[in-house]
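Asks: prediction below, plus the sequence it came from.
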Amino acid sequence: MSTGWQWLAAGLTIAAIATYELWLALGPRTDQEGVARAAHAALREQWFDAISAQKGSEILAVQTLRNSLMSASMTASAAVLGLMGTISLAAPSLEAGLARGAVVPQFTPRLALELVLLALLFASLVASVLAVRFYNHASFIGGMPVESQARERWSPAGRRYVARAGLLYSWSLRNLILVVPAVAFILHPVAGPVTAVLTVFVLHAFDRAHVEGRA
């Protein structure tokens, strides 16, 4: 396949995902409750409010938050492994681009998607690490006695922490899904756009909040 066709395939791969993300971000604000990230953020905030109002729920709160923390830690580990593998994958392309002594490597469609892959994995790592941080802080707050002054003082912060942690964890998983079209393109340029379209359908299901009264 010629370089021109490879660039076209790379552009279509990125455009399919970018178009969907823009459509989701610029969608009607009145329908935000139907988006999973908004609905589930509200769910976590209401959970923290409910658990804070129930005396004797401290152990349950800590256990629930620790489970979420472990899930975010596993996502971070997966992102680190993927990042290390992608660096090894991109190194030959960078070396080949600099083989003639050029200060800037020759930019090829494969190198472009390898860099996109690196960016997605790095973003997933950062988001999951921040989710671990917020879940960890929320665990200390959730472990405070419900009727104590310290719990009353820190409850608003704990409510914000669980909402932020959940959103960050969602973004870390999302970026891992977005890795698939880039990997498909690296395997074969034609597979990139096809996989990107399939990924959009997966993301659409991923982004819908399946709550009572809504599709």
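Replies: That came through fine.
Asks: from here on, just use CA atoms for contacts and neighbour counts.
Replies: Noted.
Asks: quick check: buried residues in stretch 147-154?
Replies: For stretch 147-154, burial by neighbour count (16 or more other C-alpha atoms under 10 Å) applies to R151.
Asks: state the mean pLDDT of that stretch.
Replies: Across stretch 147-154, the average pLDDT comes to 90.
Asks: so that it lines up with my notes, have the first residue be 23 from now on.
Replies: Okay, using 23 as the starting number, the last item reads as stretch 169-176.
Asks: quick one: it to chain centroid distance?
Replies: 32 Å (C-alpha atoms, centre = their mean, to the nearest Å).
Asks: which residues are in contact with that stretch?
Replies: Stretch 169-176 has contacts (C-alpha atoms under 8 Å, 6 or more residues apart in numbering) with 77, 163-164, 166-168.
Asks: for stretch 135-152, same thing?
Replies: 32, 94-95, 97-99, 101-102, 104-105, 108-109, 111-112, 187, 190-191, 193-198, 200-201, 204-205, 207-208.
Asks: ditto for stretch 198-215
Replies: 28, 31-32, 34-36, 38-39, 101, 132, 135-136, 138-139, 142-143, 146, 217-218, 221.
Asks: just the helices in this structure please.
Replies: 25-47, 58-74, 80-119, 131-164, 171-209, 213-229 (DSSP state H).
Asks: what's the angle from the last one to helix 25-47?
Replies: Meaning helix 213-229. Counting by axes from the mean of the first three to the mean of the last three C-alpha atoms, to 10 degrees, helix 213-229 lies at 10 degrees to helix 25-47.
Asks: and L82, how many neighbours does it have?
Replies: L82 has 13 neighbouring residues, counting by other C-alpha atoms under 10 Å.
Asks: my error: substitute A72 in the last question.
Replies: Residues near A72, counting by other C-alpha under 10 Å, number 11.
Asks: cool, V57 as well?
Replies: If you count neighbours by other C-alpha under 10 Å, V57 ends up with 17.
Asks: again, but for V224
Replies: For V224, using other C-alpha under 10 Å, the count is 12.
Asks: looking at it now. What's its pLDDT?
Replies: Taking V224 on its own, its pLDDT is 88.
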